[in-house]
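> Kindly generate the corresponding structure for this input.
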Amino acid sequence: QVQLVESGGGLVQAGGSLRLSCAASGVIFSRIAMGWYRQAPGKQRELVACITSGGNTNYADSVKGRFTISRDNAKNTVYLQMNSLKPEDTAVYYCNYVERRGRSWYALGSWGQGTQVTVSS
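Residues are numbered from 1 along each chain as shown. Sure, this is the predicted structure:
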């Protein structure tokens, strides 16, 4: 059974930084693509960034140049470094393993608890 545990969220002022972590178990981590999603109040969950098993990355336009996704296969962990945070980045952040179909990425696992990120202005 796949288990995903997110951590690292918190309250930060605009312009600040946070690093999120997602520990995965129950999967052959090195072989799967991973993604970070976020859901703000009243909005749909959106894909923020993803990283393939080979280390190729993709980002939503809203976070390009500010967020960096990375992975440590030895630790079965994927990270999201978030810099220059803005109030509109406030959301619950989730990780999941993903699959690309055509031009889109799809989450394959169950959602964890997520980690809250709040950016104050």
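
> Show me what counts as buried in the longest strand along the chain.
Among the segments of the chain that qualify as a strand by DSSP state E, the longest is strand 91-101. Using 16 or more other C-beta atoms under 10 Å as the test for burial, strand 91-101 gives 91-98. C-beta coordinates here come from the backbone N, C-alpha and C atoms, glycine included.

> Just put these in a markdown table and tack on pLDDT and distance to G9.
Below are the buried residues of strand 91-101 laid out as a markdown table (pLDDT from 0 to 100; distance: C-beta to C-beta, whole Å):
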| residue | pLDDT | distance to G9 |
| --- | --- | --- |
| A91 | 98 | 9 |
| V92 | 98 | 8 |
| Y93 | 98 | 6 |
| Y94 | 98 | 11 |
| C95 | 97 | 12 |
| N96 | 97 | 16 |
| Y97 | 94 | 20 |
| V98 | 96 | 20 |
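
> ok, those residues vs G112, which is closest?
Y94 (6.2 Å; C-beta to C-beta).

> Quick check: bridge partners of the nearest residue to G112 once chain neighbours are set aside?
Of all residues not flanking G112 in the chain, L4 sits nearest, at 4.5 Å (C-beta to C-beta, 6 or more residues apart in numbering). With DSSP bridges applied, L4 shows beta-bridge pairing to A24.
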